[in-house]
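> Sequence plus the predicted model coming up.
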Amino acid sequence: MAFALIRGPMLSLDGFAARCGLHPDLVRRFVALGLLRADRDAAGRLWLAPAEVITMARVQRLHEGLALNYAAIGVVLDLLARIDELEAAHEGGEPQWTPTG
């Protein structure tokens with residue numbers, strides 16, 4: 001039996017930019033920097049998952065609230081994702097790491 005892979009609802013670049021109150025060129029820049037994940041269709045247009053709106057809000061808070069540059073924001077986002085993974089692993093059983101000292 002075969003199942004078709006169906007992607008969830010996606011936002012066009014313009015729709016995503018409008019939802020976030022940003023210019024589409026800035027969204028393209030964030031995708032190029034790896035701060036947002038996007039897919040391209042056969043015509044090369046960008047499509048973003050609605051969940052990326054949350055990521056964009058986090059990027060904006062880090063940039064405005066802590067005055068971090070975009071390279072630093074990428075590092076912070078990676079660290080936050082790793083913390084989420086560790087917390088999820090800890091809730092599911094033994095921790096994946098042990099503190100030293």
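Arrived safely.
> going forward, measure contacts and count neighbours with C-alpha atoms only.
Will do.
> ranges for the helices of this protein?
Taking DSSP state H, the helices of the chain run over residues 13-20, 24-33, 52-66, 70-91.
> Between the ones you listed, which one is closest to R40.
Closest to R40 of these is helix 13-20 (C-alpha to C-alpha; 10.1 Å).
> re earlier: now the helices of the chain in a markdown table, please, with extra columns for distance to D41 and mean neighbour count.
Below are the helices of the chain laid out as a markdown table (distance: least, C-alpha to C-alpha, whole Å; neighbours: other C-alpha atoms under 10 Å):
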| stretch | distance to D41 | mean neighbour count |
| --- | --- | --- |
| helix 13-20 | 11 | 17 |
| helix 24-33 | 15 | 15 |
| helix 52-66 | 17 | 15 |
| helix 70-91 | 25 | 14 |
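> What ranges in this protein fall below the confidence cut-off?
1-7, 93-101 (pLDDT under 70).
> rewinding a little: dump the helices of the chain to CSV, plus distance to D39.
Listed next are those as CSV, based on distance: least, C-alpha to C-alpha, whole Å:
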stretch, distance to D39
helix 13-20, 10
helix 24-33, 10
helix 52-66, 12
helix 70-91, 19
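> Out of the ones you listed, which is closest to L46?
Going by C-alpha to C-alpha, the one of those nearest L46 is helix 13-20, 5.5 Å.
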